[in-house]
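Visitor: Please find the sequence and the predicted model below.
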Amino acid sequence: MSKKDQKKVKRQPVSSLKGMNDILPADQPWWDRIRKAVKEIAGFYNFLKIETPVMEKLELFKRPLGDTSDVVEKQMFSFKTKGGDEVVLRPEGTASIVRSYIEHGLSHLGQPLKLWYEGPMFRYEQPQAGRTRQFHQAGFEIISSDNDPVYDVQTMLACYRTLDDLKIKNINLQINSIGCNKCRPIYRKNLLEYYKNKEKSLCGDCKRRIHTNPMRLLDCKVSGCVELKKEAPQTIDNLCSDCRKHFKKVLEYLEELKLPYMLNPLLVRGFDYYTKTVFEIFAEGFDFALGAGGRYDYLIELMGGRQSPGVGGAMGLERIIEVMKTKEISLGNRVRPKIFLIHIGDTAKKRSLVLIEELREAGIDVMEQLGKDSLNAQLRTANKFEAPLSLIFGQKEAFEQSIIIRDMKTGAQETVPLKKIVAAIKRKMH
RNA sequence: GUGCCCAUAGUGUAGCGGCAACACUAGAGUUUGUGGAACUCUCAUCACGGGUUCGAAUCCCGUUGGGCACCCCA
């Protein structure tokens, strides 16, 4: 192929997959900041870190999340491997953790078992504000057979404190209780009873949902349905005595901690595994939840483990960053300046390679531009990165076993013997 | 999955059927041993493919990607 022809064949540049974004260097400080916050909060409240694979068997999510849930119905990133296994990129974190808990008998680590995680999740949906196909969540899980409502609060607290630590103000914590296996069927019946002769006035989606997943009717935003749900029976009025007691305790503990919360009787969650307490956390002025979670009393059993309740919550990291950016929350951590090593000539360049290693061992942060031979260019770079000191190492210095230290602010220069360079730098830096 | 809008240099924009422009960034240079200022130069055939036209960045169609909303969700 001639050169001319090659130029003609222009290819579509390869782009990233829809809804899957690069996290570029410019954004890394935000990610560092968030991960640091999560890690510190998790550490303080004694959560242990766990990492699970991003890929799991399809069946892991199918039952726990619910066959009729949207995530399972249409948002699974699933495919067949060469070996014929049906696999998915995980759409959320809890199921994997419970799988790992059962598989490795993690109950032996003690009760309550507190775990935290952070990593990418995948859902096949249309990207839009606060939503991508690959996104990141950090979450907390507490698994303990004693079913204490204090764990519900501790999970919420961990999420809350993380946002707090990131200086996100006006956090709005919404909570509700959706009951257990005893009271939920009764509630469901009441709900269906209420909607029985109102089905005609419902929107299309709700007409379908009433048969598949009636509790989602409470989530609908179509005006007609909104009207109807005002009079609809509420989950909290239909709780059994156990659930009511549990929820009462949760609220008591929240009040003790002075965590502001809002009771939202219409709050239901998308996954089937939730029982009793559910919650969502919002930041003022944003439609999407920054975090959400709830209790899952039967999940572990359902997945083949020994009966043990748990509670968890997860936060969307991209969403948190979005909020931090629009609220102009500053990161506050400036990179500390490094000194800059400038070389002139081949001999000095070669010696610089070693000199940098010597400085590293002495604990001195040094930057270089060994690929550029022009003194001007190197000084310009040193200036751009605001190096407080530059070391100028040229032909003459290499020969004399010395080096020039230049104060970049004043321009004052001093030639010192190479052997004393570390001491000289340390003196000048203080 | 559905609907609407969008796509010009690394970034932000102009050009609206007739020579692709500007700002910032980046790189090279203006005494091949001294930076910050100034100046000079360099970097896009306009996402990709096709069509209409003498002529397309510009009009049309498709694809890909982006944005927003619905759905749903962190």
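Guide: Structure's in. What do you need? Residues are numbered from 1 along each chain as shown, chains lettered A, B, ... in the order given.
Visitor: what does the stretch 151-300 of chain A put close to RNA strand B?
Guide: Counting by C-beta under 7 Å from any atom of the strand, the positions of the stretch 151-300 of chain A adjacent to RNA strand B are A:205, A:209, A:216, A:219-222, A:269-271, A:280, A:287-292. Placement of C-beta: from N, CA and C, glycine included.
Visitor: Quickly note the distance from whatever residue of chain A ends up closest to RNA strand B to A:Ile178.
Guide: Closest approach of chain A to RNA strand B (C-beta to the nearest atom of the strand) occurs at A:Gly270, with a separation of 1.6 Å. Between A:Gly270 and A:Ile178 the distance is 12 Å, computed by C-beta to C-beta, to the nearest Å.
Visitor: Looking at those two, which one has more neighbours?
Guide: More neighbours sit around A:Ile178 than around the other of A:Gly270 and A:Ile178, counting by other C-beta atoms under 10 Å; the figures are 26 against 17.
Visitor: interface residues of the stretch 1-150 of chain A facing RNA strand B?
Guide: By the criterion of C-beta under 7 Å from any atom of the strand, the positions of the stretch 1-150 of chain A lying close to RNA strand B are A:7, A:10-13, A:15-21, A:69-71, A:74-75, A:92, A:123, A:125-132, A:135, A:137.
Visitor: Pop the domain breakdown of chain A in here.
Guide: Domain segmentation of chain A under automatic domain parsing yields A:25-182+A:240-326, A:339-423.
Visitor: for the stretch 151-300 of chain A, which spans come out with low pLDDT?
Guide: Across the stretch 151-300 of chain A, nothing is flagged by pLDDT under 70.
Visitor: In contact with the residue of chain A closest to RNA strand B, which residues?
Guide: When the contact criterion is C-beta atoms under 8 Å, 6 or more residues apart in numbering, the partners of A:Gly270 are A:Leu65, A:Ser69, A:Asp70, A:Val71, A:Arg216.
Visitor: now with 10 Å?
Guide: A:Gly270 is in contact with A:Leu65, A:Gly66, A:Ser69, A:Asp70, A:Val71, A:Val72, A:Gln75, A:Glu92, A:Asn213, A:Arg216, A:Asp219, A:Ala292, counting by C-beta atoms under 10 Å, 6 or more residues apart in numbering.
Visitor: number of nearby residues for the fourth one?
Guide: Counted by other C-beta under 10 Å, the residues lying close to A:Asp70 total 15.
Visitor: coming back round to it: with respect to A:Lys249, which of the contacts of A:Gly270 is nearest?
Guide: Proximity of the contacts of A:Gly270 to A:Lys249 was ranked by C-beta to C-beta; the top entry is A:Ala292 with 20.7 Å.
Visitor: Would you check how far apart the closest residue to that closest one other than its chain neighbours and A:Lys57 are?
Guide: Distance criterion C-beta to C-beta, 6 or more residues apart in numbering; nearest residue to A:Ala292, sequence neighbours excluded, is A:Glu280 at 4.3 Å. As for A:Glu280, its distance to A:Lys57 is 29 Å (criterion: C-beta to C-beta).
Visitor: Name the residue in those two with the higher neighbour count.
Guide: A:Glu280 (21 against 13).
Visitor: which stretches of the stretch 101-250 of chain A form helices?
Guide: Assigned helices in the stretch 101-250 of chain A, in chain order: A:149-165, A:183-195, A:204-212, A:223-231, A:241-256 (criterion: DSSP state H, counting those that start in this stretch).
Visitor: buried stuff in the longest one?
Guide: What that stands for is helix A:149-165. Neighbour-count burial for helix A:149-165 flags A:149-163, A:165 (criterion: 16 or more other C-beta atoms under 10 Å).
Visitor: Check the last one too.
Guide: Neighbour counts using 16+ other C-beta under 10 Å place A:Cys243, A:Arg244, A:His246, A:Phe247, A:Lys249, A:Val250, A:Leu251, A:Tyr253, A:Leu254 of helix A:241-256 among the buried residues.
Visitor: so who does A:Glu231 touch?
Guide: With C-beta under 10 Å, 6+ apart, A:Glu231 has these contacts: A:Tyr194, A:Lys198.
Visitor: Kindly provide the distance from it to A:Glu357.
Guide: When C-beta to C-beta is applied, the distance between A:Glu231 and A:Glu357 equals 76 Å.
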